[in-house]
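# Sequence plus predicted model, see below.
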Amino acid sequence: SNADICMVQETRSCGAVAGAAARSDAKATGWRLAINDAKKTEAGGTSAGCAVACRRHLGDHQLQAPMVAEDVQHRFCHSHVNAVAKGGIHCVSVYPTHSTGVAGVNLRLLEEIAAAVSMLQGPWIIAADWNFSPEELEQSNWLRILDAVIVAPQVATCNDQIYDFFVLSRQLAGFVRGVQVLDDAGLHPHSPVRLLLDGSARRTAARALVRPRKVPGALPYGPLPCPAEFPEATENDDTKGLATTKMDEWQRQARIEAASLTGV
C-alpha cells in the first residue's frame, strides 16, 4: 500500500506470540503495527480482531490500558499517530458484527466507542467495516453525541452495499480531500476504502493572541538570593565552540532568578 496509515479489521491474530510476530513482520516491511487480540471461538478458531498500522517514520503509540469493555475489546483498536495535524491524530479501527444493524451487540459497541473517543484529546478518525450503511448510523443519533461527520464513498464497497466508510471528528472535516474505493485490491467481497487528507495543518492554522501568565506583585518571604553571576563571553568563544555552552548557562541562571522573584 502507498498509504501512510492503514486501519484493518478482522485480523484474527490471538495471543502474545502471534501479536509479536505480526508486529515484527510489519516492522520488517517499514510499518509500525498496533494490533489487538481476536476472540477465541468455541470451535477453537478466532473471530474479529482489529489493527492500526502507520509508516515507521511517523511513529505511533498504542494505549496499553483497555479503553472499552472486555467483551468488545476484540472489535476495537486505537493508536495515536504523529501525522496530519500538529500533535497527531487518534486512529481507531472498529469491526461491528454483521446482520444485526445498529442494535444488540453493535449498539453496545457504539456506546463503548463513544465513551472511549470522548476521552481522547485531539482529532480522531474511526475506520470500520461497519456492516451497516451510513444512513443507518446517521439515524441512530450517535454522530450527534460525538459531534462527528461521516465520510463515505458514493459506490458500493461490499457486494451492492456501502459498509466500509469513515467517521471523523468535526475538527478534521476541513482536511478531507476525497475518498476512494480500491476495487482492484484483489479482496472479496469487501474493497478497501482510502481517505485522502490534506496534512498541511500549519498552513490552515490561525494565529491567536494568548494572554501572558500573571506574575504576582508580592515577593516571597525571606531574603532574596544573590543576583546570578553570568559567565563572561569573549571573542574567542565562538571559535572554541564555547558560545553555545555559555548561552545555555545564561538561560539557566535567568530562569533561576525569575523563579526566585515569582515564587514558582
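Perfect, thanks for sending it.

# any idea how far D129 is from L172?
D129 sits 21 Å away from L172, taking C-beta to C-beta, to the nearest Å as the criterion. C-beta coordinates here come from the backbone N, C-alpha and C atoms, glycine included.

# before we move on, what about L195?
Distance of L195 to L172, computed by C-beta to C-beta: 10 Å.

# where do the contact lists of these two overlap?
I125 (C-beta atoms under 8 Å, 6 or more residues apart in numbering).

# mind listing what A114 touches?
Contacts of A114 by C-beta under 8 Å, 6+ apart are 142, 145-146.

# tell me the average confidence for the helix or strand containing it?
Per DSSP states H and E: A114 is located in helix 104-117. Regarding helix 104-117, the rounded mean pLDDT is 91.

# Mind giving me the packing neighbours of the helix or strand following it?
Going down the chain from helix 104-117, the next helix or strand is strand 124-129, by DSSP H and E. Contact analysis of strand 124-129 by 3 or more C-beta pairs under 8 Å, 6 or more residues apart in numbering; DSSP states H and E lists strand 5-9, strand 89-94, helix 104-117, strand 164-169, strand 193-197 as its packing neighbours.

# List the contacts of strand 124-129.
7, 9-10, 89-96, 113, 117, 148, 158, 163-169, 172, 190, 193, 195.

# quick one: the helices in the chain?
For the chain, the helices defined by DSSP state H occupy 16-28, 104-117, 134-139, 142-146, 201-204, 237-240, 243-262.

# what residue lies at the spatial centre of this structure?
H90 (1.7 Å; C-alpha atoms, centre = their mean).

# And the contacts of A114, which of them are buried?
Taking 16 or more other C-beta atoms under 10 Å as the criterion, what is buried in the contacts of A114 is 142, 146.

# A259: which of the contacts of A114 is nearest?
Distance ranking of the contacts of A114 against A259, using C-beta to C-beta, places L146 first at 42.2 Å.

# ok, the closest one - contacts?
Going by C-beta under 8 Å, 6+ apart, L146 touches 114, 117-118, 167, 169.

# What's the ChimeraX syntax to select whichever of those residues are buried?
The buried residues among these can be selected in ChimeraX (16+ other C-beta under 10 Å) with this line:
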select :117,167,169
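
# could you dump the contacts of L146 to TSV with distance to R108?
TSV is the format used below for the contacts of L146 (distance: C-beta to C-beta, whole Å):
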residue	distance to R108
A114	11
V117	15
S118	16
V167	17
S169	22
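
# P231 is in contact with A243, correct?
No - with contacts defined as C-beta atoms under 8 Å, A243 does not count as touching P231, sitting 10.8 Å away.

# So for G178, what's the pLDDT?
For G178, pLDDT reads 92.

# isn't it right up against L196?
Yes - counting by C-beta under 8 Å, G178 touches L196, with 4.3 Å between them.
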